[in-house]
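1. pasted the sequence and its predicted model underneath.
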Amino acid sequence: MKIILILAFSLLLLSVSMPKKYERYCNEHAFKAQLLQGTTGVPASIQLAQAIFESGGGRSNIAKQANNHFGIRCGDNWEGGRYYSESGCWRAYDSVGLSYVDHACFLNEHYQNAVGKSWGYWSGLEGYGSGDYWRKIGSIVKRYKLYEYDL
């Protein structure tokens, strides 16, 4: 009986539903991500997972003030708008859509070996942020079933 209860509890934990705030966010931005998947090869699920991770699904100050849903910093070569916070300079966009376009193009340029591959491939990447960054993104995709947004 203990084993059955443990298994039932484990299954309950694994079937976490997406919080409503993220569900609304994904429904609002999925079409953009899917269009960009078709043109850049970056899975919609990866884009949505990164937006959830980096900006809380558009709820961070940087997202609200600069339409930057992906936490992309200015860098030395950035010629667009800028938003400054205590933690540095961030790319600023006129719209969320432009943030999505820049993000997908950024990933397409910097992760050419992953372009056109499934979200699972991306979750095994290394070399960005903390050592387990892409694994965290993959766990968000899996937890909220964001792969269902992929083309």
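-> In hand now; what should we look at? Residues are numbered from 1 along each chain as shown.
2. per-residue confidence at the spatially closest residue to A44 that is not a sequence neighbour?
-> Nearest residue to A44, sequence neighbours excluded (CB to CB, 6 or more residues apart in numbering): A33, at 3.7 Å. Heads up, the C-betas are built off the backbone N, CA and C, glycines and all. If you check A33, the pLDDT there is 98.
3. just G127 next, same as before
-> With respect to pLDDT, G127 scores 71.
4. tell me how many other residues crowd it.
-> Neighbour count for G127, taken as other CB atoms under 10 Å: 9.
5. quick revisit: check which helix or strand covers the residue nearest to A44.
-> helix 20-40 (DSSP states H and E).
6. got a list of contacts for that helix?
-> Applying CB atoms under 8 Å, 6 or more residues apart in numbering, the set of residues contacting helix 20-40 from outside is 18, 42-45, 47-48, 51-52, 57-59, 69, 96-97, 100-101, 104-105, 107-108, 115, 144, 146, 149-151.
7. show the buried residues in those residues.
-> For those, a neighbour count by 16 or more other CB atoms under 10 Å gives the buried set as 18, 42-45, 47-48, 51-52, 57-58, 69, 96, 100-101, 104, 107-108, 115, 144, 146, 149-150.
8. what bits of the chain have low per-residue confidence?
-> Applying pLDDT under 70 to the chain flags residues 1-16, 129-130.
9. element containing the residue nearest the centre of it?
-> Nearest residue to the geometric centre of the chain (CA atoms, centre = their mean): Q50, 1.5 Å. Secondary structure from DSSP H and E places Q50 in helix 44-55.
10. helices or strands next to that helix in the packing?
-> Counting by 3 or more CB pairs under 8 Å, 6 or more residues apart in numbering; DSSP states H and E, the packing neighbours recorded for helix 44-55 are helix 20-40, helix 96-110, helix 119-122, helix 133-143.
11. send the alpha carbons of that helix over as CSV?
-> Extracted C-alpha coordinates of helix 44-55, given in CSV (Å, rounded to 0.1, in the frame of the first residue of the first chain):
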residue,chain,number,x,y,z
ALA,A,44,8.9,27.5,-30.4
SER,A,45,9.2,25.6,-27.2
ILE,A,46,12.7,26.8,-26.5
GLN,A,47,11.7,30.4,-27.2
LEU,A,48,8.7,30.2,-24.8
ALA,A,49,10.7,28.4,-22.1
GLN,A,50,13.5,31.0,-22.3
ALA,A,51,10.9,33.8,-22.0
ILE,A,52,9.4,32.1,-19.0
PHE,A,53,12.8,31.6,-17.4
GLU,A,54,14.3,35.0,-18.3
SER,A,55,11.4,37.3,-17.7
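12. many thanks, I have nothing further to ask.
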